[in-house]
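>>> the following block contains a protein sequence and its predicted model.
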Amino acid sequence: MSSAPLNSNDIKAQAKRLGFVACGLAKAEPVADSCARRFRRWLQLDYCAQMDYMRRNVEMRLQPQLLVPGVKTIVSLAMNFMPARHQPAISLYAQGKDYHDVMRERMQQLMADMHLEGRVFVDTAPVLERYWAWRSGIGIITQGGFISVPGYGPTVFLGELFLTAEADQYSPLPAPPLGECFSLAEQGSFGGNGALPQRGSGEGASGAFCPALTPDGLDARRCISYHTIEHRGPLPDSLRLTATFYGCDRCLRATPQFAEATPTAETAFQPSEALLQMKPADWQALTVEQYRSLFKGSAVKRAKYEGLMRNIARWLEHKTAQDKG
Ligand code: SF4
């Protein structure tokens, strides 16, 4: 095996050819103390709700070497998911095919093309993905805590390569904010960079924009994205659904950098014609067979048919009341 360092420019160039809109390399070091402290506090406050996987492997999440022994370099990659058209009842990130599959396949291709050794992670392992995206310089942290890639905004999925070789060049340490709006605690399996963001500054922190947003980060127990995607069992009575019944884009759209969002060229992230045509009455009458066909290979399947129908019932109830004025 060659001991020559990885050529960062070659990796970035190949990532671009494969459709990634950003690629950056960071040294695989323990997560900065300020972020680690904030993450632990977020857990102590129970803001992760039923997402027990966030409580597991905390040290591994904060120390990449525990997840992949011998890791030297973390490559962060971003893919634009902004669809050209969308079904308004479903969060923007979940309009097309499941990003886990699309990203993983493309990242494995990058590994093969560049003869890289290591592991590929797309939201399925204890990795603080927005921390590494920030640390590798692929985007800025927005007021709302999203990673925003210049020219593409916050509508990007994130993935990481944990590589066992050193690189010839790493991104310089970006400017803070660390700790304040950069808590980056949760990055579960629902939406990459967007579906359940942490908050800690700006209007979000005051709670004026959304009650789920607190100075200590996002309280999943009060978040529409969490409840409509991750939560099993009845929805809390207080949860109002009027816009989307799967996920929530309100804070994503409120992020100033959302103005930079540009429709993606990735056909995999575009909705099907059948999904675009769905109307409230169609959702109400959705059968299991229709559900399977409509969401084949989609991240929406995470909620399962029963969960989706639970959401739709609440959404129709509130929508009807809203329409009546
Ligand atoms: S605006 Fe929506 S997704 Fe954002 S924190 Fe509030 S409920 Fe969650």
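Structure received.

>>> now the strands: where do they sit in the stretch 1-150 of the chain?
Secondary structure of the stretch 1-150 of the chain (DSSP state E, counting those that start in this stretch): strands located at 22-27, 73-80, 118-121, 140-141, 147-148.

>>> excluding chain neighbours, what is closest to L43?
Nearest non-adjacent residue to L43, counting by CB to CB, 6 or more residues apart in numbering: R55, 6.0 Å away. The C-beta positions use only the backbone N, C-alpha and C, and glycine is treated the same way.

>>> my read: the one you found touches C48, true?
Yes: using CB atoms under 8 Å, R55 is in contact with C48, at 6.7 Å.

>>> who's more crowded, these two?
A count of neighbours by other CB atoms under 10 Å puts C48 above the other of R55 and C48, at 24 against 10.

>>> the more buried one reaches M54, doesn't it?
Yes: between C48 and M54 there is a contact at 4.2 Å, judged by CB under 8 Å.

>>> what's the burial count for H86?
By other CB under 10 Å, 18 other residues sit near H86.

>>> again, but for A265
With other CB under 10 Å as criterion, A265 counts 11.

>>> so it, which of the three states?
Classification of A265 by DSSP: H, G, I helix; E, B strand; the rest coil places it in coil.

>>> how much space between the nearest residue to it once chain neighbours are set aside and the ligand?
Using CB to CB, 6+ apart and skipping residues adjacent in sequence, the residue nearest A265 is G19, 7.4 Å away. From G19 across to the ligand, the span is 27 Å (CB to the nearest ligand atom, to the nearest Å).

>>> quick one: contacts for G19?
The contact partners of G19, by CB atoms under 8 Å, 6 or more residues apart in numbering, come to 79, 106, 265-266.

>>> now, of these, which are buried?
79, 106, 266 (16 or more other CB atoms under 10 Å).

>>> which one of these is nearest G145?
G145 lies nearest to M79 out of these, by CB to CB, at 19.5 Å.

>>> what's across from the closest one in the sheet?
For M79, the beta-bridge partners are F157 (DSSP bridges).

>>> OK, contacts around it?
Listed by CB under 8 Å, 6+ apart, the contact set of M79 reads 19-21, 99, 102-103, 106, 156-157, 159, 264, 266.

>>> biggest separation within those residues, which pair?
Within these, G159 and T264 form the most distant pair, 15.2 Å apart (CB to CB).
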